[in-house]
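Visitor: sequence and predicted structure, then a few things I'm wondering about:
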Amino acid sequence: MLKWVASMSDSAAIAFVNARLVDPASDYDGPGSVIIADGVITDIIHGEHPPAGQVGMKVIDCDGNAVMPGLIDMRVKTGEPGSEPKETLKSASLAAAAGGVTSFVVQPDTDPVIDGPAMVDFILRRARDIELVHVYPAGAATKGADGKHLAEIGLMVQAGAVYFTDVDRPIVNSKILSRVLTYANGFNALIAHRPKEPWLSEGAVATSGEMAMRMGLPSVTALSERIALERDLALAELTGARFLVDQISTREGLGSLERAKAKGLEVYASASINHLVFNEIDIGDYRTFYRLDPPLRSERDRQALVAALESGLIDVVVSNHCPAPAEDKRLPFSEAAPGAIGLQTLLPALIGLHLDAEVPLLDLIRAVTINPAQILGLEAGRLARGAPADLIMVDIDAPFALRERDILSKSKNSPFENRTLQGKVLKTFVDGRLVYDQG
């Protein structure tokens, strides 16, 4: 039986006992206890011996459930500002807390675009007012994210932007991308870029192959990703900039990434959870919740991504949370808006990979905790003395079916709807504050 003391503040000492600690930062997965107070972790005890009690300390008996660092999602779209009916920062934060995500990065393709320090400050102030999870803005790499003129990267770094990207719009002009990388390198800023060849990809909604041909869908070869990626990595090598391959999705792209890392380039790669668990067969009934960008790939590609994640070639897993209202999805497949929400399902989908594909849990959780924390320069993502008390309690063995009524995002376009998932988030703490309680 889970013991819970209500009305917990961020200053009261709380002990999580009888827990399974899952902490990739220390490569520990085993029994232990955690004590938090004043918004930080004050002690970690490995082993089955509970900590000595203190006067006024509140105790949570975890009953063998997992305690792990809160997830960090590096790629989240919201509709605020400009398209609030899709998603607000508050609704996204509620969904994040329920999914065990204690920090997420807002993409800059809002209206107006986050391409200056004033917009960066707006996002940070709104997040502080909401007071749920940590929200960090990404800034646009070019003004208006139009790929033509450099944005104010230096000023946005000072304002608090954590990296820079034009999101789903590739910077076609190699000279412009080279200038962006050179400018960003002066501030040690991270540039994220989608490896998307724009002319080959134009109009495509599926990956070339037998499935797309049978369904009569406009498609693009998986090789187009490698074509774009080779140019991007060459420019990263030329400029020496920190570079994030945004949502790698093909076997061919993984080969290019491996060669770049072998050269010692400061290059990282993210993969969408959707491309790790779904493949092109899932679009077989024309269900537009599987209309994604990049499109879903072959099963061989999916398996290659899972292997690359396990080996560490892929550094980060993202939800690629992309809300779209019903009127944008209830259309023919080729006309529907791309994207799917994922803040609430990121962790259960990863646990599913652990159980179904036998990928070690530490390898999976590493890609959503300590790896993104280190790339972004955050103190979170670990269970360690002095670290922020951003942590979650999870029943890894609990199955559940995701129903539309359970989705806290304003948009409901989840490809996991009505699927049986594994792993329930029981409680979420941010800076020692309880922000979500499954009960």
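Guide: Perfect, thanks for sending it. Numbering: from 1, shown residues only.

Visitor: can you name the residues that contact the closest residue to residue 254 other than its chain neighbours?
Guide: Nearest non-adjacent residue to residue 254, counting by Cβ to Cβ, 6 or more residues apart in numbering: residue 308, 5.2 Å away. Where you see a C-beta, it was placed from the backbone N, CA and C, and this is true even at glycine. If you count contacts by Cβ atoms under 8 Å, 6 or more residues apart in numbering, residue 308 has them with 254, 257, 271, 314.

Visitor: so which pair among the residues you listed is furthest apart in space?
Guide: Taking Cβ to Cβ as the measure, these reach their widest spread between 257 and 271, a distance of 10.5 Å.

Visitor: anything in contact with each of the two?
Guide: Here residue 257 and residue 271 share the contacting residues 248, 308, scored by Cβ under 8 Å, 6+ apart.

Visitor: show me where the stretch 151-300 of the chain has its strands.
Guide: Secondary structure of the stretch 151-300 of the chain (DSSP state E, counting those that start in this stretch): strands at 164-165, 190-193, 206-207, 219-220, 242-245, 267-272.

Visitor: out of these, which gets nearest to residue 390?
Guide: Of all these, strand 267-272 sits nearest to residue 390, with 20.2 Å by Cβ to Cβ.

Visitor: give the other helices and strands that the longest helix along the chain contacts.
Guide: Secondary structure of the chain per DSSP state H: the longest helix is helix 223-239. With contacts defined as 3 or more Cβ pairs under 8 Å, 6 or more residues apart in numbering; DSSP states H and E, the packing partners of helix 223-239 are helix 174-185, helix 198-201, strand 242-245, helix 251-262.

Visitor: could you check the angle the last one makes with helix 223-239?
Guide: Using axes from the mean of the first three to the mean of the last three Cα atoms, to 10 degrees, the direction of helix 251-262 lies 10 degrees away from that of helix 223-239.

Visitor: so where's this protein shaky on pLDDT?
Guide: By pLDDT under 70, the low-scoring segments of the chain are 1-11, 53-55.

Visitor: for it, which segments are assigned as helices?
Guide: 89-98, 117-130, 153-159, 174-185, 198-201, 210-215, 223-239, 251-262, 273-277, 299-311, 326-329, 346-356, 361-366, 370-376.

Visitor: any chance of those helices in JSON lines with distance to residue 59 as columns?
Guide: Putting the helices of the chain into JSON lines (distance: least, Cβ to Cβ, whole Å) gives the following:
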{"stretch": "helix 89-98", "distance to residue 59": "23"}
{"stretch": "helix 117-130", "distance to residue 59": "29"}
{"stretch": "helix 153-159", "distance to residue 59": "41"}
{"stretch": "helix 174-185", "distance to residue 59": "47"}
{"stretch": "helix 198-201", "distance to residue 59": "55"}
{"stretch": "helix 210-215", "distance to residue 59": "54"}
{"stretch": "helix 223-239", "distance to residue 59": "50"}
{"stretch": "helix 251-262", "distance to residue 59": "45"}
{"stretch": "helix 273-277", "distance to residue 59": "34"}
{"stretch": "helix 299-311", "distance to residue 59": "36"}
{"stretch": "helix 326-329", "distance to residue 59": "45"}
{"stretch": "helix 346-356", "distance to residue 59": "25"}
{"stretch": "helix 361-366", "distance to residue 59": "25"}
{"stretch": "helix 370-376", "distance to residue 59": "27"}
